[in-house]
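Trainee: take a look and give me a structure for this.
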Amino acid sequence: MRTAVSVLGVMATAVLVGACFDPTRSCSTSSDCVNGGTCDSRTKTCVAAGNPNDKTPPVFSIVVKAPPGRRDDAKLTEYDPGSPDGGLDAFRRDEIVQVTVTSLDPDVDAGSVKLLAYGVAASPGTPADVQLAPCAAANTAASNPFCLEGTVQLAPLPFEAFRGVVPLEVSGSDLSSNVGKADAGLNVTRWKWRYSAGAPIYTTPAIADDGTIVFGTSDGGSGSLHALVPEGAEKWAPVSLGPIRASPVVGVSDAGLQFTYVATSEPSGRLFALDSKTGVIVAACTNNDAGYSGPFVGTPALVASGAGPFEGILALANATFLVNFRPAATVSPCLTSDTANSQSFPSNVVASGGAAYAGATVGHVLSFVLLSGNWVENVAWGSGLGYAAVGSRAIQPLMLTDRVLGTTSLRGLFALDRSDGSLQGNHPDGGVPPDPGGAIATLTEQLFGGGAASSPLLYSVAPDFGSGVAQPLNDLVSATPVAGKVVRSTSRRRLVPSRLGRAPRPWCGQTPLGQASPSLLRQHSIAGARAGRGFCT
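Mentor: You can find the predicted model right below:
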């Protein structure tokens, strides 16, 4: 940087140098400059080769292009309300940020300037070296004596927080070897959007192959199925079907047609199949069709059955009927069998191949097999009873590994042999006082929340049930946690979800608050399903 000096100082300098370089002299190459001056390739003007009287480092400024405008209305907001300024200046975790480095000093050595972007983590690792280039003419800062620009890709940076400030640091020297530095920060959030459905959301959303996000609402007497595109806007208008307490189920795509299956929880529940792309009802199953009664409060299982075999769902109606709904079947699309059992919210039915399992209100785990195209009680369980008596209270959501795993108050987490229902292990001894949340399994542990206890706990159990620990939490975990990767937060450890039946995908998350039988999410999270709080990146 060239320092301001007195008139006497200028005269003295002229005597020492003989004839000063002209910083306004235009040039094409350094040979056009005099007295050791060099040609700045960006400004095409001469700059000093080095001034022994210059002891002041260059002053840099970091200019960040503002985030793009986002939608903010009664139904959809893309601003993170927890970020500074209501999220107006916050970048999303998956965005690319345009950054400009400027200086009013004409003698900055452009080759020495370096811009670094740091992650937000306990051990952020090596910072990203942002590649800089001369500012384009369209850049409003291009008229500065020194101007370089580049882009910061946020996604590769470590980010162990829901929201935080990504540090930027620029350093560089002038032609007199004086080094200057400056720093700035980017407000970054994992929040992506929030959609307000206008009614309570009790269900975990499901995602179709084209990215359509589907979920149901219930205000007790009515409810609707909603469909959103990945950016949060409605794909089609909500379809009024009745109160929905069970998570929707997405079928297999066939020649571009993919069904979304929905079960309703009115006193005489109904089953629907809708086109996931259009929201059009393709088929329905009612008590008049199949002779069952009672609401559906547990999430159905996707199955293939019948002579086809036909794709469909298997659901337990709370008037003791197992209902197999096959919308493509021309004969008997709704098949029922008497189970003498019922479910409580938020239990479910799980299935794999020709075996299906359901948790009952009375503490039984029911087993069914596919026989001649129909689902019937598995007499290999419970010495012909078709169920395993695990406890005396409701069975919470089940999951399938090489065993049947679930939770209930008397046993805590339990594992049953898939072939005969025998108890393989449980934790903790004596169970947990309230009804626990549903369980999940990772490669190294099995996790479940302790329910509505006065001192909230998260239980971690070894896969062989040989050991387990209980970790205190700030909030209750009364639903099923979801996991793919643990993300650290500035407030507490949070679990992040995977998609049932698919390989876990890392994403951010918060403890789900709604009904949470594991349902199918991909790269975004829903935080606080009951309140309709939205997706993040």
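
Trainee: tally up the residues packed near the closest residue to Ser218 other than its chain neighbours, please.
Mentor: Counting by Cβ to Cβ, 6 or more residues apart in numbering, Pro243 is the residue found nearest to Ser218 once chain neighbours are left out, at 3.6 Å. C-beta here means a position set from N, CA and C on the backbone, and glycine is covered the same way. Neighbour count for Pro243, taken as other Cβ atoms under 10 Å: 22.

Trainee: Pro243 and Ser337, how far apart?
Mentor: Distance, Pro243 to Ser337, using Cβ to Cβ, to the nearest Å: 25 Å.

Trainee: pLDDT below threshold where in the stretch 201-350 of the chain?
Mentor: For the stretch 201-350 of the chain, not a single residue meets the criterion pLDDT under 70.

Trainee: ranges for the strands of the stretch 401-537 of the chain?
Mentor: Along the stretch 401-537 of the chain, counting by DSSP state E, counting those that start in this stretch, strands occupy 403-408, 412-417, 423-427, 439-441, 446-449, 457-461, 468-472, 525-526, 535-536.

Trainee: in CSV, list these along with mean neighbour count.
Mentor: Below are those laid out as CSV (neighbours: other Cβ atoms under 10 Å):
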stretch, mean neighbour count
strand 403-408, 25
strand 412-417, 23
strand 423-427, 19
strand 439-441, 23
strand 446-449, 25
strand 457-461, 21
strand 468-472, 14
strand 525-526, 26
strand 535-536, 25
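
Trainee: weakest of these in terms of mean pLDDT?
Mentor: Set side by side, the strands of the stretch 401-537 of the chain give their lowest mean pLDDT on strand 525-526, at a mean of 30.

Trainee: can you report how many residues neighbour Thr29?
Mentor: Neighbour count for Thr29, taken as other Cβ under 10 Å: 10.

Trainee: dump the residue contacts of it.
Mentor: Cys39 (Cβ atoms under 8 Å, 6 or more residues apart in numbering).

Trainee: can you give me the distance of it to Pro134?
Mentor: Distance of Thr29 to Pro134, given as Cβ to Cβ: 17 Å.

Trainee: next one: Phe345
Mentor: Separation of Phe345 from Pro134 (Cβ to Cβ): 62 Å.

Trainee: more crowded one of the two?
Mentor: The residue with more neighbours, out of Phe345 and Pro134, is Phe345; 19 against 15, by other Cβ under 10 Å.

Trainee: what's the closest residue to the more buried one other than its chain neighbours in contact with, if anything?
Mentor: Once flanking residues are discounted, Phe345 sits nearest to Val297: 4.2 Å by Cβ to Cβ, 6+ apart. Shown in contact with Val297 (Cβ under 8 Å, 6+ apart): 245-246, 265, 318, 343-347.

Trainee: domain map for this structure?
Mentor: Domain assignment for the chain by automatic domain parsing gives 1-54, 57-189, 192-536.

Trainee: got the end-to-end distance for stretch 372-386?
Mentor: Its start and end residues considered, stretch 372-386 measures 18 Å (Cα to Cα, to the nearest Å).

Trainee: and that stretch, what's buried?
Mentor: Neighbour-count burial for stretch 372-386 flags 373, 375, 377-378, 381-382, 386 (criterion: 16 or more other Cβ atoms under 10 Å).

Trainee: so how far is it off the chain centroid?
Mentor: Chain-centre distance of stretch 372-386: 39 Å, with Cα atoms, centre = their mean, to the nearest Å.

Trainee: residues in contact with it?
Mentor: Residues outside stretch 372-386 that contact it (Cβ under 8 Å, 6+ apart): 303, 305-307, 309, 314, 322, 324, 335, 337, 339, 355-356, 366-369, 387-389, 419-421.

Trainee: in the stretch 151-300 of the chain, which spans are helices?
Mentor: Counting by DSSP state H, counting those that start in this stretch, the stretch 151-300 of the chain has helices at residues 287-290.

Trainee: ignoring the adjacent residues along the chain, who's closest to Ala208?
Mentor: That would be Ser276: by Cβ to Cβ, 6+ apart, it lies 4.2 Å from Ala208.

Trainee: any stretches of the stretch 51-200 of the chain with poor pLDDT?
Mentor: 51-53.

Trainee: which parts of it are strands?
Mentor: 60-64, 76-77, 91-92, 96-103, 114-117, 128-130, 133-134, 146-153, 163-173, 179-189, 191-195.

Trainee: against Ser347, how distant is the residue found closest to Pro472 once you drop the neighbours it is linked to in the chain?
Mentor: Nearest non-adjacent residue to Pro472, counting by Cβ to Cβ, 6+ apart: Leu457, 6.2 Å away. Using Cβ to Cβ, we find Leu457 at a distance of 21 Å from Ser347.

Trainee: just Leu168 next, same as before
Mentor: Between Leu168 and Ser347 the computed distance is 50 Å (Cβ to Cβ).

Trainee: top of the contacts of Val297 by number of neighbours, please.
Mentor: Top of the contacts of Val297 by neighbour count (other Cβ under 10 Å): Ala246, with 35 neighbours.

Trainee: next one: phi and psi at that one?
Mentor: Backbone torsions for Ala246, taken as degrees, to the nearest 10, come to phi -100, psi 140.

Trainee: ok, what's across the strand from Ala470?
Mentor: Going by DSSP bridges, Ala470 is paired in beta bridges with Tyr459.

Trainee: ok, it touching Leu457?
Mentor: Yes - counting by Cβ atoms under 8 Å, Ala470 touches Leu457, with 4.4 Å between them.

Trainee: shared neighbours, these two?
Mentor: Contact criterion Cβ under 8 Å, 6+ apart; residues shared by Ala470 and Leu457: Gly450.

Trainee: what's the neighbour count on Val249?
Mentor: Val249: 27 surrounding residues under other Cβ under 10 Å.

Trainee: touching, Val97 and Ile62? I think so.
Mentor: No - with contact defined as Cβ under 8 Å, Val97 does not reach Ile62; the gap is 10.9 Å.

Trainee: looking at those two, which has the bigger crowd around it?
Mentor: Neighbour totals were compared for Val97 and Ile62, and Val97 leads with 20 against 17 (other Cβ under 10 Å).

Trainee: report the contact partners of the spatially closest residue to that one that is not a sequence neighbour.
Mentor: The shortest distance from Val97 to any non-neighbouring residue, by Cβ to Cβ, 6+ apart, is to Val152 (4.5 Å). By Cβ under 8 Å, 6+ apart, the contact list for Val152 reads 96-97, 99, 117, 128, 130, 166, 168, 186.

Trainee: how about these in TSV, adding distance to Leu271?
Mentor: TSV is the format used below for those (distance: Cβ to Cβ, whole Å):
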residue	distance to Leu271
Ile96	45
Val97	47
Val99	53
Ala117	51
Ala128	51
Val130	54
Val166	48
Leu168	54
Leu186	48
